[in-house]
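Q: test case, fold it:
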Amino acid sequence: MYFFDNESLFSFKLDGIDSKDLNCKISSTVDKNVTTTVYDYDGGLRITNIFKKYDDFGAYEWVNYYENASNEPTGILSDIFDCDVFVPLENDDKVLNSFWLQSRETCTKVYAPYGSICSPTEFSYDPDAQGLGHLKLGMQFNYYSEGGRSSDNRAPFFNINKENNGYIFAIGWSGQWDSIIDRVDGAVRFRSGVLGASFKVLPGEKFRTASIVILPYQNGLDESQSSWRRLVKTHFSNMGKGERPSHMPMFATMWGGLPSETVIERINIIKKHELLFEGVWLDAGWYGIDTPPAAESDGEWSNHTGDWRPSRITHKNGLKDVSKLIHDSNMKFLLWFEPERAIKGTPITLEHPEYFMMLGNSANAVIDLGREDALNYTIDTFSNIIDELGIDVFRIDCNCDPAPYWNVYDEPERKGIKQIKYVNGLYRFWDALLEKFPHLIIDNCAGGGRRIDIETLRRSVTFWRSDITCTSNPCPEHMQLHTQSYSTWMPYSGTGTPVQFDEYEFRSSYCGATDVRWFGSFDTFVDFDKMGPTLKKYMEEYLSIRDYFYADYYPLTKNTANRDTWCASQFNRPEQCDGILQIFRREFSPYKTCQFILKGLESGAKYVFEDIDGGKPVIWDADVIMSTGYEITVPYQRSAKIIKYHKL
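A: As a prediction, this is how the structure comes out:
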């Protein structure tokens, strides 16, 4: 294709000289769909580009490895873009003069989703809002992450679209990334890399930087996002591979500060009433050798982060009795950790302060995963805990910004190296766990969805996508919106139910992983006789439709938290010729009837639609509901509907 006819797929400057002007020897080898190209520059700099084609999707991926093959430091590399390509895209129609806006229907748009910022707008973006996402000829957009986690503030995913054509880009870097998008004549230039990196490479040094995945398309915006979800499921996600299930288990979530006796009592309630939980989730607060029991998010849980010994006060048997009961009950055990952060004064920070990066008055110490000894400690420590406690889902949180630590610890003329080696170490840590424990699922939390990128998607899933739902009574409209927005970019993401709920609230939490918080803490647990039958009903309902949430996805309404509107989504399984509609008439909507244009159905076919709450099935012609729309009446405000459909 046009944008791979360049001499290389990346660019940089070496002591101020453009890479294209440097003397370089190039050699390539091809192994099926993988091409390895080695660039040897004068002075010892060597860059190895590993390029992979996904022929079944027409997608491409590459990553660069930098090394110094000489005995002297290289010159200073700057303006480093691990991806620097021109992709062909037809010019927009010319407007009469500067007083005319570009047509929203035909102009070039950049869909650049917001990251996780405890907001209803996470992973969504409307380029038509004031035209801020319209990329006109000669314009340049610059997007980047903040704080050191890859989806903090801005997510590393982009859809550059013009009518039916476009490109999806995904930056694979679990730290601070940067991107620049330029509209040029007949094309778009896309550049990405590690934010602000400028460094010498030392003799014998080798490391990777940001990867890139590109999915060209010609089938329209909505279909491109469904293709992207399929690409992630097929070639990147490890769910359904090895010994891992193809679905995200449904957990009963409990606070780690609950005494083991209370946890065991509640597991026995689950068994007694034959609730269909597939696992028990024990969150923060279980560790620190003398940590007392505490209610959810209260107590001393944060003060003992880094001391990964179970509290001998709260968990007298070191959680082994809890783990045994969970597994004897044929459930999985999810346990919370924060491997990268330790509080100053915890045992490991005193025994090996050299393992950590520390800043002035901050109580937090961040482990330096770029150090071999610190990385080995991390791998060994958590491998031993996983093995000893039989952990099935390893929940990784990260509640501080690592970037300030990286920046302080960078050496002169080595800006970005601390971050680069840290992220390389992070991948080695996760890969070591996954290799040693083929059944293990990594739950990537990072402060609620703040480290989601294509590299973490290939190693993990996100059971808790946003901390905006941390409250015991989260806004149901926020959960609805996040199912819409996160589903656009990933097939696997999760949230939790409110502690107390009605049908509208519980159904608002339906997504790839719906976890029940009813069992969570001392003061939120309700006697089973009062709410148990309702809980059981909706658990069974959710599990009966869960697999649809991993299928092709189409948003049927705009992403808005306004409570005077409807919210609707479609999850379609073309291979099975069926799907579901997830529909909410919000509490102030004055409209009893709505029409939704459905997608992905077989032209010429007829489909049967059934409300899971009952009523007479309705037969619709596919061509009608894909053109004029599927019509539904919901008599009451604040109602949630699940409509199942299948082809006749």
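Q: please count neighbours and contacts with C-alpha atoms only from this point.
A: Noted.
Q: what residue lies at the spatial centre of this protein?
A: residue 452 (3.5 Å; CA atoms, centre = their mean).
Q: okay, that residue and residue 539: tell me how far apart.
A: 28 Å (CA to CA, to the nearest Å).
Q: and what of residue 190?
A: When residue 190 is compared with residue 539 (using CA to CA), they lie 45 Å apart.
Q: with adjacent residues omitted, what lies nearest to residue 335?
A: residue 282 (5.1 Å; CA to CA, 6 or more residues apart in numbering).
Q: tell me how far the one you found lies from residue 120.
A: Residue 282 sits 26 Å away from residue 120, taking CA to CA as the criterion.
Q: picking up where we left off before, tell me who's in contact with the residue nearest to residue 335.
A: For residue 282, the contact set (CA atoms under 8 Å, 6 or more residues apart in numbering) comprises 253-256, 333-336.
Q: and the longest helix belonging to the chain, what does it pack onto?
A: The longest helix of the chain (DSSP state H) is helix 417-436. On a contact count with 3 or more CA pairs under 8 Å, 6 or more residues apart in numbering; DSSP states H and E, helix 417-436 meets strand 206-208, helix 372-389, helix 403-409.
Q: give me the element residue 581 is part of.
A: strand 578-585 (DSSP states H and E).
Q: elements contacting that strand?
A: So strand 578-585, by 3+ CA pairs under 8 Å, 6+ apart, packs with strand 566-573, strand 639-647.
Q: which of these sits closest to residue 598?
A: Proximity to residue 598 (CA to CA) singles out strand 566-573 among the helices and strands packed on strand 578-585, at 7.3 Å.
Q: adjacent strands (with direction) for that closest one?
A: With DSSP bridges as the test, strand 566-573 is paired with strand 552-555 (antiparallel), strand 578-585 (antiparallel).
Q: need the winner for burial among these.
A: Mean neighbour count (mean count of other CA atoms under 10 Å) peaks for strand 552-555 among these, with a mean of 25.
Q: quick check: buried residues in the lowest-mean-pLDDT helix or strand in the chain?
A: For the chain, using mean pLDDT, DSSP states H and E, the weakest element among its helices and strands is helix 528-545, scoring a mean of 89. By neighbour count with 16 or more other CA atoms under 10 Å, helix 528-545 contains the buried residues 532, 535-536, 538-539, 542-543, 545.
Q: on that earlier part again, turn the helices and strands packed on helix 417-436 into TSV, including distance to residue 619.
A: Shown next, in TSV, are those (distance: least, CA to CA, whole Å):
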stretch	distance to residue 619
strand 206-208	55
helix 372-389	51
helix 403-409	56
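Q: rewinding a little: so the strand holding residue 581 versus strand 639-647, what angle?
A: If you take axes from the mean of the first three to the mean of the last three CA atoms, to 10 degrees, strand 578-585 sits at 160 degrees to strand 639-647.
Q: then strand 578-585 to CSV, C-alphas only?
A: Extracted as CSV, the C-alpha positions of strand 578-585 are listed here (Å, rounded to 0.1, in the frame of the first residue of the first chain):
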residue,chain,number,x,y,z
ASP,A,578,-28.8,-13.1,16.3
GLY,A,579,-28.2,-10.3,18.7
ILE,A,580,-29.5,-8.0,21.5
LEU,A,581,-30.7,-4.4,21.8
GLN,A,582,-29.9,-2.7,25.1
ILE,A,583,-32.4,0.2,25.5
PHE,A,584,-32.9,2.8,28.2
ARG,A,585,-35.7,5.3,28.4
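Q: quick one: it to chain centroid distance?
A: Chain-centre distance of strand 578-585: 23 Å, with CA atoms, centre = their mean, to the nearest Å.
Q: tell me the mean pLDDT over it?
A: Across strand 578-585, pLDDT averages out at 98.
Q: the following helix or strand past it - which strands sit beside it in the sheet, and in what orientation?
A: Moving toward the C-terminus from strand 578-585, the next helix or strand (DSSP H and E) is strand 593-596. With DSSP bridges as the test, strand 593-596 is paired with strand 630-633 (antiparallel).
Q: which residues touch the partner strand?
A: Residues external to strand 630-633 that are found in contact with it (CA under 8 Å, 6+ apart): 592-598, 620, 624.
Q: pull out the buried positions in that strand.
A: Buried residues in strand 630-633, defined by neighbour count with 16+ other CA under 10 Å: residue 630.
Q: mean confidence score for it?
A: What strand 630-633 shows for mean pLDDT is 97.
Q: do stretch 313-325 as well
A: Mean pLDDT, stretch 313-325: 97.
Q: contact partners of that stretch?
A: Contacts for stretch 313-325 (CA under 8 Å, 6+ apart): 257-260, 263-264, 267, 286, 289-293, 309-312, 333, 389-391.
Q: mind running it again at 7 Å?
A: Stretch 313-325 has contacts (CA atoms under 7 Å, 6 or more residues apart in numbering) with 257-260, 264, 290-293, 310, 312, 333, 389-390.
Q: if you count neighbours, what's buried in that stretch?
A: In stretch 313-325, counting by 16+ other CA under 10 Å, buried: 313-315, 318-320, 322-323.
Q: now swap in stretch 11-23 and tell me
A: Within stretch 11-23, the residues scored as buried using 16+ other CA under 10 Å are 11-14, 19.
Q: count of residues packed around residue 33?
A: 11 (other CA atoms under 10 Å).
Q: hang on, isn't it packed against residue 53?
A: Yes. Using CA atoms under 7 Å, residue 33 is in contact with residue 53, at 5.3 Å.
Q: can you pull out the strands in the stretch 251-400 of the chain?
A: 251-254, 279-282, 332-337, 341-343, 356-358, 364-367, 393-396 (DSSP state E, counting those that start in this stretch).
Q: just so I know, which of these lies nearest residue 163?
A: When these are compared by CA to CA, strand 393-396 sits nearest residue 163, at 39.6 Å.
Q: and the closest one, what's buried?
A: Neighbour counts over strand 393-396 (16+ other CA under 10 Å) mark 393-396 as buried.
Q: which one of those residues is nearest residue 64?
A: When those are compared for distance to residue 64 (CA to CA), residue 396 wins out at 26.8 Å.
Q: so the closest one makes contact with residue 337?
A: Yes. At 5.2 Å, residue 396 and residue 337 qualify as touching, with contact defined as CA under 7 Å.
Q: give me the neighbour count for residue 151.
A: Neighbours of residue 151 (other CA under 10 Å): 32.
Q: and the pLDDT at it?
A: Residue 151 carries a pLDDT score of 98 in this model.
Q: any idea how far residue 487 is from it?
A: 15 Å.
Q: same question for residue 291.
A: For residue 291 relative to residue 487 (CA to CA), the value is 38 Å.
Q: how about residue 467: what's its closest non-neighbour residue?
A: residue 448 (4.8 Å).
Q: that neighbour: what secondary structure?
A: What DSSP: H, G, I helix; E, B strand; the rest coil gives for residue 448 is helix.
Q: please renumber so the chain begins at 46
A: Got it, the first residue is 46 from now on, which makes the last one we talked about residue 493.
Q: count of residues packed around it?
A: Neighbours of residue 493 (other CA under 10 Å): 26.
Q: tell me which residues touch it, please.
A: With contact set as CA under 7 Å, 6+ apart, residue 493 has these partners: 509-512.
Q: which among those gets closest to residue 648?
A: Nearest to residue 648, judged by CA to CA, of the contacts of residue 493 is residue 510 at 35.6 Å.
Q: is the closest one in contact with residue 535, as I believe?
A: No. The criterion here is CA under 7 Å, and residue 510 misses it with residue 535 at 11.1 Å.
Q: many thanks, I have nothing further to ask.
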